[in-house]
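**Q** I'd like to go over a predicted model; first the sequence, then the structure.
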There are 2 protein chains.
Amino acid sequence: MAAELRGRISVVLADDHPVVRDGLAAMVNQQADMEVVAEAGDGEQAIACYEQHRPDVLVLDLRMPKRDGVAVVQRVLEINPKARILIMTTYDGDEDIFQCLSQGAKGYLLKDAPRQEILSAIRAVSEDRPYTSTTVAAKALQRMGKPSLTQRELNVLQLVAEGRSNKDIARRLSITEGTAKTHVKAILTKLDAISRTEAVAVAHKRGLIHL
Amino acid sequence: MAAELRGRISVVLADDHPVVRDGLAAMVNQQADMEVVAEAGDGEQAIACYEQHRPDVLVLDLRMPKRDGVAVVQRVLEINPKARILIMTTYDGDEDIFQCLSQGAKGYLLKDAPRQEILSAIRAVSEDRPYTSTTVAAKALQRMGKPSLTQRELNVLQLVAEGRSNKDIARRLSITEGTAKTHVKAILTKLDAISRTEAVAVAHKRGLIHL
DNA sequence: CGCCGTCTCTCTCTAAAGAGCGACCTTGAG
DNA sequence: CTCAAGGTCGCTCTTTAGAGAGAGACGGCG
């Protein structure tokens, strides 16, 4: 916790791929000004590790077993509202990124980022400066103005993506088929899609759903 | 090229994520019996690296820019039919795995595999022994007996996944709507799906298409 | 050679999807 | 209180999807 005072940034890594953890650890530990103090392989471990070590920076994979990135961000910020979290993800289309950032994550970066970018992102976040990658910044702008789906619509969308019919969706949500259609219609409009299948494609690209 | 004679397995890494390359490199170079001789960040580099270094083992990510894993496997085996290739992928549902293996790749493994498994896979492949992970072996058995899609059907499926209507698909492929329907119908039957949207979901799970 | 798989096309018919309406109720922000 | 938004339900209408069944053309293979 006092690592920063000694001039070294303490880092906790959370990623379900041992390979990625090794890679990050190797990169970080080669730097004079930072060190890895713990690693976690899933969401629950990540929370436990954070609580135990109170690192300067928590590097967090968005997709993990047990609890996904969004849930971990929430929980960690409950523990320490000043926590500095750097989100790391493979997919630049992930809607969850924005959810994390708006919840208080200090930055994100893509896994295909070059070494230098990853390291400077960690340094930025450790100093409480938000890190903004160009690719995702562009996405954020694109997303501006675009209508967001309601919770109910997301539920329906998930079922649509599984290939359910309107009637089936209605049954599962205990509503009438007409209402299901209304929701689907709203989804199509908001996603600017002509058919439900296209809606699924668009939603998947935007990371609204995970197949 | 003669690395094996000196008792060290020479390895070339091909992955578009610097983090993963670093992780693998760190793992491999910590071992006394193997070393990384080159790294590649995309498919073309991978081929070039292989040709230049002729490593004992080529560790290859299935999804890469420029050329994907399948294409690289083909090309490398053209260069050296005895090439020992270890496929590495994130998704265990990838249909491409089977394509690679049937083309002559010696093994595959998932990125979330533990260190030991990764290392023993490299050793196995270096000795020309096929490496078979339990999870994928199970998939292979599941796939047995299941009907495979024809090339034409894959084309249609791709368009279906993009949300196109039968009429639209017909126009793009220069066939009649009736024929498009016939193909879609065949796809639904083979994938055991009720609707086109479900077919897309199933196909995506199996890695037949990449959205 | 004949068989089989693939691709192509045609037809009918039913079920589902989607467009375009209006309407009611609740909840929360102003 | 008013107004907006979300969820619910209802209606009609046209278009699309999907089941089912048949058939011709082509190429590979035993």
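**A** Done, it's in.
**Q** which residues touch residue A:134?
**A** Residue A:134 is in contact with no residue at all, counting by Cβ atoms under 8 Å, 6 or more residues apart in numbering or on different chains. C-beta here means a position set from N, CA and C on the backbone, and glycine is covered the same way.
**Q** and if you look at residue A:199?
**A** A:157, A:160, A:184, A:187, A:188, A:191, A:193, B:163.
**Q** ok, 10 Å please
**A** By Cβ atoms under 10 Å, 6 or more residues apart in numbering or on different chains, the residues touching residue A:199 are A:157, A:160-161, A:184, A:187-193, A:208-209, B:163, B:197.
**Q** Please report the distance of the closest residue to residue A:51 other than its chain neighbours from residue A:210.
**A** Among residues not flanking residue A:51 along the chain, residue A:79 sits closest, at 5.9 Å (Cβ to Cβ, 6 or more residues apart in numbering or on different chains). Distance, residue A:79 to residue A:210, using Cβ to Cβ, to the nearest Å: 26 Å.
**Q** Surely residue A:58 is within a helix?
**A** No - under DSSP: H, G, I helix; E, B strand; the rest coil, residue A:58 sits outside any helix and is assigned strand.
**Q** Was I right to think it contacts residue A:73?
**A** Yes - using Cβ atoms under 10 Å, residue A:58 is in contact with residue A:73, at 9.0 Å.
**Q** can you list residues touching both of those two?
**A** Listed as contacting both residue A:58 and residue A:73 by Cβ under 10 Å, 6+ apart are A:46, A:83, A:85, A:87, A:105.
**Q** Among the residues you listed, name the ones in helices.
**A** Among those, the members found in helices (DSSP state H) are residue A:46.
**Q** which one of the shared contacts of residue A:58 and residue A:73 is nearest residue B:124?
**A** residue A:46 (32.4 Å; Cβ to Cβ).
**Q** can you pull the contacts of the residue lying closest to the closest one once chain neighbours are set aside?
**A** Among residues not flanking residue A:46 along the chain, residue A:14 sits closest, at 3.6 Å (Cβ to Cβ, 6+ apart). With contact taken as Cβ under 10 Å, 6+ apart, residue A:14 is in contact with A:21, A:24, A:38-43, A:45-47, A:49-50, A:58-61, A:64, A:69, A:72, A:76, A:85, A:88.
**Q** List the contacts of the residue nearest to residue A:51.
**A** By Cβ under 10 Å, 6+ apart, residue A:79 lies in contact with A:47, A:50, A:51, A:54.
**Q** filter these to the buried ones?
**A** Neighbour-count burial (16 or more other Cβ atoms under 10 Å in any protein chain shown) applied to the contacts of residue A:79 gives A:47, A:50, A:54.
**Q** coming back round to it: so between residue A:58 and residue A:73, which is more surrounded?
**A** residue A:58 (30 against 25; other Cβ atoms under 10 Å in any protein chain shown).
**Q** Run the chain-centre distance for the helix or strand of chain A with the lowest mean pLDDT.
**A** Within chain A, confidence by mean pLDDT, DSSP states H and E is lowest for helix A:134-143 among all helices and strands, at a mean of 77. For helix A:134-143, the separation from the chain centroid amounts to 15 Å (computed by Cα atoms, centre = their mean, to the nearest Å).
**Q** gap between residue A:153 and residue A:176?
**A** 16 Å.
**Q** between the two, who's got more neighbours?
**A** residue A:153 (20 against 13).
**Q** Could you tell me whether that one really is in a helix?
**A** Yes - assigned with three-state DSSP, residue A:153 falls within a helix.
**Q** Quick check, it in contact with residue A:186.
**A** Yes - between residue A:153 and residue A:186 there is a contact under Cβ under 10 Å: 5.9 Å.
**Q** got any residues that touch both of these two?
**A** Residues touching both residue A:153 and residue A:186 (Cβ under 10 Å, 6+ apart) are residue A:147.
**Q** out of the contacts of residue A:199, who's nearest DNA strand D?
**A** Nearest to DNA strand D among the contacts of residue A:199: residue B:197, at 6.6 Å, using Cβ to the nearest atom of the strand.
**Q** For beta bridges, what are the partners of residue A:60?
**A** residue A:14, residue A:87 (DSSP bridges).
**Q** hmm, the biggest helix by length in chain A in reach of DNA strand C?
**A** Looking across chain A with DSSP H, the single longest helix is helix A:177-191. Yes - interface with DNA strand C: helix A:177-191 contributes A:181, A:182, A:184, A:185, A:188, A:189 (Cβ under 7 Å from any atom of the strand).
**Q** Contacts only, for the first one.
**A** This points to residue A:181. A:156, A:166, A:167, A:169, A:170.
**Q** quick one: what helix or strand has the first one in it?
**A** Assigned by DSSP states H and E, residue A:156 falls within helix A:151-161.
**Q** Ok, residue A:50 next?
**A** Assigned by DSSP H and E, residue A:50 belongs to helix A:43-53.
**Q** If we go by neighbour counts, what in that helix is buried?
**A** Neighbour counts over helix A:43-53 (16+ other Cβ under 10 Å) mark A:43, A:44, A:45, A:46, A:47, A:49, A:50, A:53 as buried.
**Q** what helices or strands is that helix leaning on?
**A** Here helix A:43-53 touches strand A:9-14, strand A:34-40, strand A:57-61, helix A:69-79, going by 3 or more Cβ pairs under 10 Å, 6 or more residues apart in numbering or on different chains; DSSP states H and E.
**Q** Buried deepest among the ones you listed, which one?
**A** Burial of the helices and strands packed on helix A:43-53 is given as mean neighbour count (mean count of other Cβ atoms under 10 Å in any protein chain shown); strand A:57-61 ranks first at a mean of 28.
**Q** what angle separates that one from strand A:9-14?
**A** 20 degrees (axes from the mean of the first three to the mean of the last three Cα atoms, to 10 degrees).
**Q** Run through the neighbouring helices and strands of strand A:57-61.
**A** In this structure, strand A:57-61 makes packing contacts with strand A:9-14, helix A:18-29, strand A:34-40, helix A:43-53, helix A:69-79, strand A:85-89, strand A:107-110, helix A:115-126, judged by 3+ Cβ pairs under 10 Å, 6+ apart.
**Q** DNA strand C contacts on chain A?
**A** Within chain A, the residues that sit near DNA strand C (Cβ under 7 Å from any atom of the strand) are A:165-167, A:181-182, A:184-185, A:188-189, A:194-197.
**Q** For the helix holding residue A:156, give the mean pLDDT please.
**A** Taken as a whole, helix A:151-161 has an average pLDDT of 94.
**Q** Thanks a lot, see you next time.
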